[in-house]
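Q: Fold the following, please.
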Amino acid sequence: MSDPSVSAAEPLPLKTAEEIAGGLEALLLIADEPMPTAELAAALDATTAVVTEALAELVAFYDETGRGFELREVGGGWRYYTRAEHHELISSHLLEGQQAKLSQAALETLAVVAYQQPIARGRISAIRGVSVDGVMRTLLQRGLIGEAGPDPESGAMLFRTTGYFLERMGLRSLDELPALAPHLPDAAELEAELSQIARPEPVPELSDSVVAPATTAPPTTGSDNSEEETDDE
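A: Below you'll find the predicted structure:
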């Protein structure tokens, strides 16, 4: 038998729209994609009805005070957006920030992508001999390169240049890229040079009358020492 002196726990009072307004704004400020009403309600420990009311009040408040941003319901959720009347201001500011010159490393990486596309990040690093993570992020942010889908064999993401790259380069298509051949050594000369490096130098043959048998050869002295080759040289 239950003790009549112990009363059942009373339910906590429901939060009001005014009480959750601050937390609602904080959640929406960090959202990188639209947040559904149910998700906001769960995070704020409030009912969906109260969250809906708070959202409507925020929308009206931003409109009445002429803020530079607005709260929209898109894609099944809520998110902040800059107002349409500030589009030109924002666009000019962003474009101005993109006028900064690319570093030498970024230019070299962009050239590799342009001439070898589609190409994986690991292959670009192998060609340049250094990590290209930082410059790849820069090129992606500038819109000069983009993803071209995974490699069918390795699964690694491939990258390619974009239409904006062609626009900035003044090209109609990649076919108009200047040929690399004039800037590279002749293939035959390069092959001959590499073969010469790989081939060991011939050892001059000496007659038996000059070279004594190894078992009886006396140690070299005097000027002969200057002609000896060592591993240190």
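Q: Is Ala46 located within a strand, as I assumed?
A: No - applying DSSP: H, G, I helix; E, B strand; the rest coil, one finds Ala46 to be coil, outside a strand.
Q: Skipping adjacent residues, who's closest to it in space?
A: Lys15 (4.5 Å; CB to CB, 6 or more residues apart in numbering). C-beta: built from backbone N, CA, C; applies to glycine.
Q: so that neighbour is in which element?
A: Per DSSP states H and E, Lys15 falls between elements, in no helix or strand.
Q: Quick one: residues contacting it.
A: Residues in contact with Lys15 (CB atoms under 8 Å, 6 or more residues apart in numbering) are Leu44, Asp45, Ala46, Val50.
Q: Look up phi and psi at it.
A: For Lys15, the backbone dihedrals are phi -70, psi 150 (criterion: degrees, to the nearest 10).
Q: how about the contacts of Lys15 in CSV, adding pLDDT and neighbour count?
A: Below are the contacts of Lys15 laid out as CSV (pLDDT from 0 to 100; neighbours: other CB atoms under 10 Å):
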residue, pLDDT, neighbour count
Leu44, 95, 19
Asp45, 94, 11
Ala46, 94, 21
Val50, 96, 19
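Q: Closest one of the residues you listed to Leu174?
A: Leu44 (51.3 Å; CB to CB).
Q: so the closest one sits right up against Ala26, yeah?
A: No - using CB atoms under 8 Å as the test, Leu44 is too far from Ala26 to be in contact (9.8 Å).
Q: what's the burial count for Arg168?
A: For Arg168, the neighbour count with other CB atoms under 10 Å is 14.
Q: Tell me the confidence at the residue nearest to Ala46?
A: On pLDDT, Lys15 comes in at 90.
Q: In which helix or strand does Ala126 reside?
A: Per DSSP H and E, Ala126 falls inside helix 121-128.
Q: Show me which residues of that helix are buried.
A: In terms of neighbour count (16 or more other CB atoms under 10 Å), helix 121-128 has its buried residues at Arg121, Arg123, Ile124, Ser125, Ile127.
Q: which non-adjacent residue is nearest the last one?
A: Distance criterion CB to CB, 6+ apart; nearest residue to Ile127, sequence neighbours excluded, is Val112 at 5.4 Å.
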